[in-house]
Every structure is written in structure tokens, then in C-alpha cells.
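> Sharing a model prediction with you, sequence too.
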Amino acid sequence: MPKLTLEELAKIREQTRKTTMLREGGEYRAKVTVHMGTCGIAAGARGVMNALLEEIDKKEAQGVLVANSGCAGLCSREPMATVELTGQAPVKYVDLNPDKMRKIFEQHVLGGKIVQEYALGIGSEKTDFRKE
Amino acid sequence: MAEKAKDKTYRIHLMVCAGTGCVSNHSFEIKEALEKEVKKHGLEDEVLVVTTGCNGFCERGPLLVVQPGNIFYQQLTMKDVPHLVEEHFLKGRPVSRLMYTPPKEKKPVPVLSDIDFFKKQVLIALRNRGLIDPEKIEESIARDGYQAMAKALTEMTPAQIIKEVTLSGLRGRGGAGFPTGLKWDMVRGAQSANGGAKYIICNGDEGDPGAFMDRSILEADPHAVIEGMVIGAKAVGGTEGVLYVRNEYPLAVKRLQIALDQARRLGLLGENILGSGFSFDIKVHRGAGAFVCGEETALIASIEGRLGEPRPRPPYPAQSGLHGQPTLINNVETWANIPIIIARGAKWYSSIGTETSKGTKVFSVVGKINNTGLVEVPMGITLREIIYDIGGGIPGGKQFKAVQTGGPSGGCIPKDLIDLPIDYESLTKAGSMMGSGGMVIMDEDTCMVDLARYFLSFTQEESCGKCTPCREGTKVMLDILTRITEGRGTSQDLTLLEDMAKAVKDTALCGLGKTAPNPVLTTLRYFRDEYEAHIRDKKCPAHVCRQLNTYTVEARTCLEAGRGCDVCRRNCASEAIQGEKNTVHSIIQEKCIKCGVCYEVCQFHAVKVD
């Protein structure tokens, strides 16, 4: 009996790949940006971020990129997050809390359906700091 | 930490470069500071700090790459860490002050892949650099590590593996460029004596001045080398592996040992690997610091515990190597290429490169160049692209003069050949060689005679002394070169030098002696006028050979610009300068020992050298 089988090697690969994929760029299908300016953090963006990371972990979701960014300019409606499915316009959500974030993750990020009740609108604001 | 990394989703990965270059610039301290600051802001569950192997852009270390986003931070100091963590990782505002700004430009380039240094590189041997923690085997596996080995062990016959390597066109990356598949075939066909072992050796005795390709591969991705060796073992029927690394590479040795332990623990080395029935293991042998041990027969002698001296070939190690058994010996970079050839196929691999030289080559680019570092480029790229596009040109607005490829065994390629496409044949034709990949760039301030003297003093020192041509010949050549640089050269010296160089090249026992005259022969070929200036005019055109310089003070500049500042006189050790404050100074040539100090200390450029 070998110490390690081909199947076990494949399993290690899949398991660790979840972590390392983030480093390789490209291949993500959704990007969620939590706005974490001073106002966002004060309004509870940290909790929103934690809820999002927990959900990704729990659902073992792959190809979801989580970014943070500064204040989105609408401080009174923080915490805010922007969900961008590849090839679609970004959607901005406002007045979030951890539960709302979970629902958005389930329905929009995984299900592809915009959660109308929390959405501010579909905007084209650039959230990718690469293009700064 | 390893367990945690496996199970948790992090939002940001901070890839801290921990190659030897960055480590000596305190990157481990920076890593600790990053972790501390990340924790201070409560981000430890979101931000993962990873140490990687050499990123390549050593000039700008310590380096940090932020993923996702590929944001490149450089020249970090401990002072920068708190601000960086708070701004970028807490608030999401990348810090442009710490990004790379190309020379002559004003705006920083935030993303690594947009930076010229990285743009033209094609990573095969270095495919995992900066992307994995070399001390965690799982991360290598996640990047397809050991997949090619699994394929070779469970799906391929030895003949199929050798055929793939042969068709790929891979040639030895240690310098000589021998076709790898052919070598493997020879070892496969060789019978071991008395049913004994067949050995697989990795030559990591990198010793050329200014070369650090093998070190960086071993530090960044030791698993690629281990995987390649197991594939080679299966192909030729190898039973035991030895990784020969020089002891001066402590970080590489440490990471290799960790990698071997982890591979053994998982069952990727040892008995019945992956249920294939094939068993193989590798041990590390540390070299004791003799340059000649990079030569394969000397290396083998050194592993056997004998004096590190070469012996005549044949027999080649393929027939009679370590302990008299058939031995397959390849260089670190060659081994690192094997897994990807097996995984992606010979056809893909051979689509990169030139007619006779396939794939990529790793070079360490050092000397008078803006972007010192480690690069991997496709064969056939021109020197111009390496020096100007990747290397960022020559600093200080100076003119490019020549490049030494192949280390002390290589030769000097002049400016006129800057559009030479690099492959084994073109470099040999130019009088140099591929060598292991050292590339020393020289500007107009380099004296080619002095350069030849420097490289020859290195090989002369490292000559093991076994054969007469190398032991005596290099000494005679060095004496002539020293004489010329000190102004004592005669008109017969060049003929004698050339004859001696050719004789040593033709008659020396091993590669060290056969190639040692190359720097002399190429500089004679391309820069003969400089030799002649030293001998005939007793002048060094680059003003490097101080014994040939004459220092004078330009009276007008001294008085008008410097107001006779007196600094030169106070710094002159031989009291050869006369004058006092507010008066013109002058040099008494008879007393001048030509040390050049006055030239260096004069802020007004009143001291002239000729």
C-alpha cells in the first residue's frame, strides 16, 4: 500500500488550490468590494466583510475575489459593497449588515440574481484599482 | 499556520520576497512587522503573509507583491510597514509612494505585470517564483507540483519519457548545452556493475562570480528540482539521488532539506511512490567551496570523499560515474524544466526558442545595469532586449560597452553585437558561451584588459593544479596581463598571450582550463586596440589601470571654481600636491603614486586624469 495515492495527491491539490488561486489573478467569476473607508468601518463594514468571508468558506465558493476599497462617497449609506459578476455591470448595495451580506452572497454572488431591495443601483464606477 | 492556511479563506495574500538578496535586506524582519501590524488592526483572519523565493527584481528589494491585484511594492523599510498596512490592507488605498517608478519617469507603475522588467520574461523553470511558499509542499502541489511525476510514474514507460525529453530539444543548462534526452538515453543503456546502483545527481555547485540562477531556483521552488529528478530516475532506472549544493547557499540547503522531508513524509519520495511500484530517494550533499567541483567528474570525486579534481573523460559519468556506476548528472535549471516538459509535452516546449536552442534560459543580470536581477527569457531574445528593455539600460547616462556571458569561462561580447539573438550557437560563434547564465554588463568605464585580468585571476586561483596547461598556463597568462596593466607590457606580449591562451584551451584536462582563456581571447578579438594602447602608449583608455594614469590639476578650474580649496592636498598620502588655500594647486609627478584620491575628492572636477 503506498503512503500516498493519486487520489490523495489530487485532494491536496484541490484543497490548497482554494487558497493559492487568489494569487494567480484572472479566473475569478465574481468580485465583491466592501467599502472600507473610515465611514464604512465606523458603520460596521468589518462585520459585513467577516460575514462575507465566512460565507465563502462555508459554501466553499470558488472564484470569488474579495477586495476592499476606500469610501464610496456616500457616507450616509454605509456600510456599502459592490458586487461585480464577470461580464456584468457592477451593482452597489447600501445600508448593509452581516445578514444582508449573507443574503446578497447567496442570491447574487452565487445565484446571479440581484437583490433589488438592498441595491442602490447599477453603476459603472471603477472599482478595480489597477486602472487607477 | 500551514493548517490554518488550508482551511481559511483569506482576502489578501502578501507575498514577501525571501530570496537571499531580499533576506539580506531584512525581508524576514519586514515579514514579522507586517504580521504584527496586520494583527494590530485585527486583520489576521483576512490577510495572509507568505514568504516566497526570489522574485527576480533584486535591485529593488525588499519586495512585496499584493494578491489579488498583483500590486508591486519595493524598497520597503520597517518604517513603511505601519502606514502600508493601515492604508492598503485596512482602508484599501494602495500606497503609490512605495511603488516602482521607472528611471526617467515620474508616475509609478502599480501592477507587476506592467513593469518592463517583468513584461518580456517567460517563466518555465521559475514558474512558481513568488507564487508559493517554498517551505510548504501543499502550495507547490496546488500549482501542479508532482503532477508530471505522477504521470511519468503511472502512465509512461521509460522510453516514452526519454522520447519526450529528446523531442523537447532541451539542452543542458549548466553551460555546455549537451542534449538532455541523448544523455538520458546513454545512462538508460548503461549496465550497472554487479547489479548495483544507478545514480541521479543534481549539480547545484554554482560558482561563477555574479551568478545566482541555481540558487534562486532552489530557494523559490525546490520541489520542481526534486520532481524532475524522480522523473529522470524513472526514465533511466536510477536508484539513488544526490543533490549537490554548495555550502555557501545556506537558505537553499535549508529549503531543500525541508522540501525533501515534506516529500518523504507525504510519500512523494521513498518506497512505492504513488502506488507505482517505483522507489527513489534523494539526499543532499553540500559542496565545500571549490569552483572546479562544478565540473562533473570533480563533483563526483567530491561526493565520494576524494579530492575534488577532474579526471579525463571518457569514460563519461553515463558509463562510469559515482562509485563507478552509471550516473545521470544534470544541472539545477535543467531538472526544473523536466516536469513542465512532461506535463505540457515536447511539442509545446519546443515551440519556444530558436532552431537549435529550445525553451527559456535563466540569466542573472548584474554589473553596470539599472535593473540588477534574475530573469527568465525565451532563447533567441536579443542582448539589446535584455539590457535595455528588461535591464532598464546603463545607469548614469553612460555608454554600454560589452557584456560578459558565461562567467569566467565565457567571453566578452562587444556593443556591435548587441542585436545578437541569444542561443548556444550564436554565443559560441561570438567567442563566448551560454555558460550557466551569468551576465555581467560593462559600461564605458570598464577596462577590457583589466577585466580579462580579473576573470583570469579567478580561474587561476580556482585551478585545481592537476594538469600542467591549466596550472602553469593560467599563471603565465595572468603574469602577462598584470604586466600589461601596470605599463610593463612589451610588443611580444600579445603574441605570447594569444599562443598561450590557445594552447591552454586545446590541452587542458577539464572544462575549467579549456574555457579559462575565453575572456582573454574575446577581449583580444574585440578590443585589441585597448591592449595596444596599454603596451604602446602606456595608457589605459578607460583610466582604470591606475599605474598608467597621469593626474594633473587644471589651474583655472582649481582657482575659479574651487578657490584653491586645498582638499586634494590634505588627502594626498604621498605629499605630492603643492599649494595652499586660495591658491592654485599642482601635482609633483615624481612624487605621485597614482592612487587617484585627489581625482575622487575634488568636487570641482579640477583634477584631470589622462
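In hand now; what should we look at? Every value quoted in this text rests on a predicted model; they were computed, and no experiment measured them.
> how about the nearest residue to the closest residue to chain A within chain B, chain neighbours excluded?
Going by Cβ to the nearest Cβ, chain A is nearest to residue B:267 of chain B, at 2.7 Å. Any C-beta I mention is one placed from the backbone N, CA and C, and that applies to glycine too. Once flanking residues are discounted, residue B:267 sits nearest to residue A:3: 2.7 Å by Cβ to Cβ, 6 or more residues apart in numbering or on different chains.
> And for residue B:555?
residue B:584 (4.7 Å).
> Where does chain A get nearest to chain B, which residue?
Of all residues in chain A, residue A:3 sits closest to chain B, at 2.7 Å by Cβ to the nearest Cβ.
> what residues are up against that residue?
Counting by Cβ atoms under 8 Å, 6 or more residues apart in numbering or on different chains, residue A:3 makes contact with B:266, B:267, B:270, B:271, B:272.
> cool, and residue A:61?
Taking Cβ under 8 Å, 6+ apart, one finds A:55, A:105, A:109, A:110 in contact with residue A:61.
> Of those, which belong to helices?
residue A:55 (DSSP state H).
> From what I see, residue A:18 and residue A:63 are in contact.
No: in this structure residue A:18 lies outside contact range of residue A:63 using Cβ atoms under 8 Å: 10.0 Å.
> These two: who's more crowded?
Neighbours per residue, other Cβ atoms under 10 Å in any protein chain shown: of residue A:18 and residue A:63, the larger number sits with residue A:18, 18 against 13.
> Neighbours of the residue nearest to that one when sequence neighbours are not counted, how many?
Setting aside the residues directly before and after it, residue A:18 is nearest to residue A:62 in space (Cβ to Cβ, 6+ apart), at 6.5 Å. Neighbours of residue A:62 under the rule other Cβ under 10 Å: 13.
> do the one 4 residues further on as well
Residue A:66 sits with 22 neighbouring residues when counted by other Cβ under 10 Å.
> cool, residue B:565 as well?
When neighbours are defined as other Cβ under 10 Å, residue B:565 has 18 of them.
> Repeat that for residue A:121.
9.
> tell me the SS of it?
Following DSSP: H, G, I helix; E, B strand; the rest coil, residue A:121 is assigned to strand.
> Let me see the ranges of the strands in chain A.
With DSSP state E as the criterion, chain A has strands at A:30-35, A:64-69, A:81-85, A:91-93, A:119-122.
> Could you break chain B into its assigned domains?
For chain B, automatic domain parsing gives the domain ranges B:2-115, B:137-349, B:360-443, B:448-537, B:549-609.
> which of the ones you listed has the lowest average pLDDT?
Mean pLDDT per stretch puts domain B:2-115 lowest among these, at a mean of 89.
> Pull the contacting residues for residue B:145.
With Cβ under 8 Å, 6+ apart, residue B:145 has these contacts: B:128, B:137, B:223, B:224, B:227, B:339.
> Go again with 6 Å.
For residue B:145, the contacting residues are residue B:223, by Cβ atoms under 6 Å, 6 or more residues apart in numbering or on different chains.
> in which helix or strand would I find it?
Following DSSP states H and E, there is no helix or strand that holds residue B:145.
> Now do it against residue B:138, distance only.
9 Å (Cβ to Cβ, to the nearest Å).
> Please apply the same query to residue B:244.
Distance from residue B:244 to residue B:138, by Cβ to Cβ: 27 Å.
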